[in-house]
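> any chance you can model this:
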Amino acid sequence: MSAGSFHSRWKIYFQILLVILGISLVAFVYLKVDMFLTNQSIADKRDILSGQTQQLESYKLLTGYNKLQAVKILEEKQITMPWSDHITKVIAMLEDLKKVDTSTSDTIVLSDFNVSIDKITLKWQVSNLLLLYYSNAPKGIRSLIDRFSSLDFVKNIRIQTYDRVGDNNYYEFVLEANVVNDAGTGNTTK
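Just a heads-up that it's a prediction; the model follows:
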């Protein structure tokens, strides 16, 4: 019996090894099929990517695409200008001009006001050129030029010519100033 039990043990070992071999063979075949399908999927994705890359390269050659990219870059770098703050400051300055002592014969009249993205133009009339240029801080006198130059978003203030208006002793002139582009300088006005 001992020979039969020895033979039966080898038979069990052989069967276990056969089952392990069968499972290993099935796992090997499964992994090979899975690797083949994964490689096939990767190859398909590479083909799609290659086609999309070629399509993108053809788009990049178009003039419109280059302009669109340039606009996007400009939009990313552009900081919006606080026009509401600028207009509020101009209105405050004009309100301050209304408080000029009118008991004298000195008058300041704003007759036209134009604002664009890069320039402000104001058409004025003054009864005396001292109102335009003369300032005296201890007496509380501020010239029109000083008031206008106190606005932090304007630069290059200029008056091209003065015109005398009739016999009224009024001087009419146009005051122009460039608007500071906050986005270009990196400054923001609050």
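> give the buried residues for the longest strand along the chain.
The residue-count maximum for a strand in the chain (DSSP state E) belongs to strand 154-165. Neighbour-count burial for strand 154-165, counted by 16 or more other CB atoms under 10 Å, picks out Val154. Glycine gets a C-beta too; all of them are placed from N, C-alpha and C.
> likewise stretch 36-52?
In stretch 36-52, counting by 16+ other CB under 10 Å, buried: nothing.
> extract the CA atoms of that stretch and return them as PDB.
Taking Å, rounded to 0.1, in the frame of the first residue of the first chain, the C-alpha atoms of stretch 36-52 are listed here in PDB:
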ATOM      1  CA  PHE A  36      -2.400  43.200 -28.300                       C
ATOM      2  CA  LEU A  37      -5.700  45.100 -27.800                       C
ATOM      3  CA  THR A  38      -3.900  47.800 -25.800                       C
ATOM      4  CA  ASN A  39      -1.200  48.300 -28.400                       C
ATOM      5  CA  GLN A  40      -3.900  48.400 -31.100                       C
ATOM      6  CA  SER A  41      -5.800  51.100 -29.200                       C
ATOM      7  CA  ILE A  42      -2.600  53.100 -28.700                       C
ATOM      8  CA  ALA A  43      -1.800  52.800 -32.500                       C
ATOM      9  CA  ASP A  44      -5.400  54.000 -33.200                       C
ATOM     10  CA  LYS A  45      -5.000  56.900 -30.900                       C
ATOM     11  CA  ARG A  46      -1.600  57.800 -32.400                       C
ATOM     12  CA  ASP A  47      -3.200  57.800 -35.900                       C
ATOM     13  CA  ILE A  48      -6.000  60.200 -34.600                       C
ATOM     14  CA  LEU A  49      -3.400  62.400 -32.900                       C
ATOM     15  CA  SER A  50      -1.300  62.500 -36.000                       C
ATOM     16  CA  GLY A  51      -4.300  63.500 -38.100                       C
ATOM     17  CA  GLN A  52      -5.300  66.200 -35.600                       C
END
